[in-house]
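K.L.:
kindly generate the corresponding structure for this input.
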Amino acid sequence: MRGRRFLLLCFLLFAAGCLGRVALRPPAQKAVPFILTVRADAVDALLLSSLPAVGEQVHLGNTHARITALSHEPVLLRERENGRERCYPSRLSLRVTFTLSLTAREQNALPVLGATPSFLGDEVTLSGEAFVIRGQILEISRHTVGENA
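P.N.:
You can find the predicted model right below:
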């Protein structure tokens, strides 16, 4: 008889734990609008035509984003000649900067683009129909809808 009581007690304790976990679960977080700046270094200049235009949808990891600004500049190459340093722009490599508008969950005022929050300097994958680029996050700002700036 004691064995049955013990099993019943264990089952009731398990059921109370499950109910408590479900009842006390924190509410699901809503998606918050963010603006991110991502820079990719050493992008092949021949692929410039395959980059998306402003306003197109891209994927930042698993999150959909819209490009709000796009700029590119040649990578500066440095060499020493007769003891002097000389800089000149590369014809083969570009530094591309994307400004993206997206909505993502927020944790500690940072966007969650995967399983963990994304910090400045994190490397992310930006992909579209005809390209995949790896870049670093340079700037994160929370965009409040209707805010006067």
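
K.L.:
what does stretch 129-136 contact?
P.N.:
With contacts defined as Cβ atoms under 8 Å, 6 or more residues apart in numbering, stretch 129-136 is touched by 38-41, 43, 47, 50-52, 96, 98, 121-127. Any C-beta I mention is one placed from the backbone N, CA and C, and that applies to glycine too.

K.L.:
now it, how far from the chain's geometric center?
P.N.:
With Cα atoms, centre = their mean, to the nearest Å as the basis, stretch 129-136 stands 12 Å off its chain's centre.

K.L.:
buried set for that stretch?
P.N.:
Buried residues in stretch 129-136, defined by neighbour count with 16 or more other Cβ atoms under 10 Å: 133, 135.

K.L.:
for it, list the C-alpha coordinates in PDB.
P.N.:
Taking C-alpha atoms only, stretch 129-136 is exported to PDB below (Å, rounded to 0.1, in the frame of the first residue of the first chain):
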ATOM      1  CA  GLU A 129      18.300  35.600 -54.500                       C
ATOM      2  CA  ALA A 130      21.700  35.900 -56.100                       C
ATOM      3  CA  PHE A 131      24.300  36.500 -53.300                       C
ATOM      4  CA  VAL A 132      25.500  35.400 -49.900                       C
ATOM      5  CA  ILE A 133      27.700  37.800 -47.900                       C
ATOM      6  CA  ARG A 134      29.300  37.500 -44.500                       C
ATOM      7  CA  GLY A 135      29.700  40.800 -42.700                       C
ATOM      8  CA  GLN A 136      30.000  42.400 -39.200                       C
END
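
K.L.:
follow-up on the earlier one: go through the contacts of stretch 129-136 and flag which are in helices.
P.N.:
Of the contacts of stretch 129-136, none are assigned to helices by DSSP state H.

K.L.:
and these, which of them are buried?
P.N.:
Buried by 16+ other Cβ under 10 Å: 38-40, 43, 51-52, 96, 98, 122, 124, 126, out of the contacts of stretch 129-136.

K.L.:
all set, thanks.
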